[in-house]
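# Sequence and predicted structure below; questions after.
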Amino acid sequence: MALKHRTTRTSVRTKAIVSRIKTAVAVKSGQILCATIADSNGVCKLAKSSNDNQVIGIAEKNANQGKPVSAFQSGICNVQLTSTASESDIGKSVYLSNTDGSGTLIAPGEGGHNVIHIGYVVAEGNPASVLLDLFHIVYVN
């Protein structure tokens, strides 16, 4: 008896979604989010390297302040950058910048900043397509 092989097509854009969490500020698709506390409740806000180290993912869609938002934690998604990624930037690392909710291709190096790896550029543009690989590297003292 021959085994039957069935092929299914899956999207490259896989998404691991955080439970929908309320936003402390208005959020745009592709912005980098971090966890925070407001009114004794866990909410999310736009992350920046100077004061945030709890990156939880990338906003899937736009959301108004106080409304729930879902976030990508793995796979490929669009990420807002401080500058447009070019073809020569493909494969480079993306880090959390000090601009609210944005990534950068240059790791922060000044004191008082967290170096947080967001992922790797896989397609040019702004927002750029990024293969997510979220992790905290170091706090620069």
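All right, it came through fine. Numbering: from 1, shown residues only.
# Sheet-wise, list the partners of the longest strand seen in the chain with their directions.
Identified as the longest strand of the chain according to DSSP state E is strand 128-140. Neighbouring strands of strand 128-140 in its sheet, by DSSP bridges, are strand 76-79 (antiparallel), strand 113-123 (antiparallel).
# And for that strand, what's in contact with it?
If you take Cβ atoms under 8 Å, 6 or more residues apart in numbering as the criterion, strand 128-140 is touched by 53, 55, 57-58, 72-79, 81, 84-85, 89, 94, 103, 107-123. Where C-beta positions appear, they are placed from N, C-alpha and C, glycine not excepted.
# please redo it, this time with the cut-off set to 6 Å
53, 55, 74, 76, 78-79, 81, 85, 94, 111, 113-117, 119-123 (Cβ atoms under 6 Å, 6 or more residues apart in numbering).
# same question, stretch 41-52
Applying Cβ under 6 Å, 6+ apart, the set of residues contacting stretch 41-52 is 21-25, 31-36, 55, 96, 98, 100-101, 108, 113-114.
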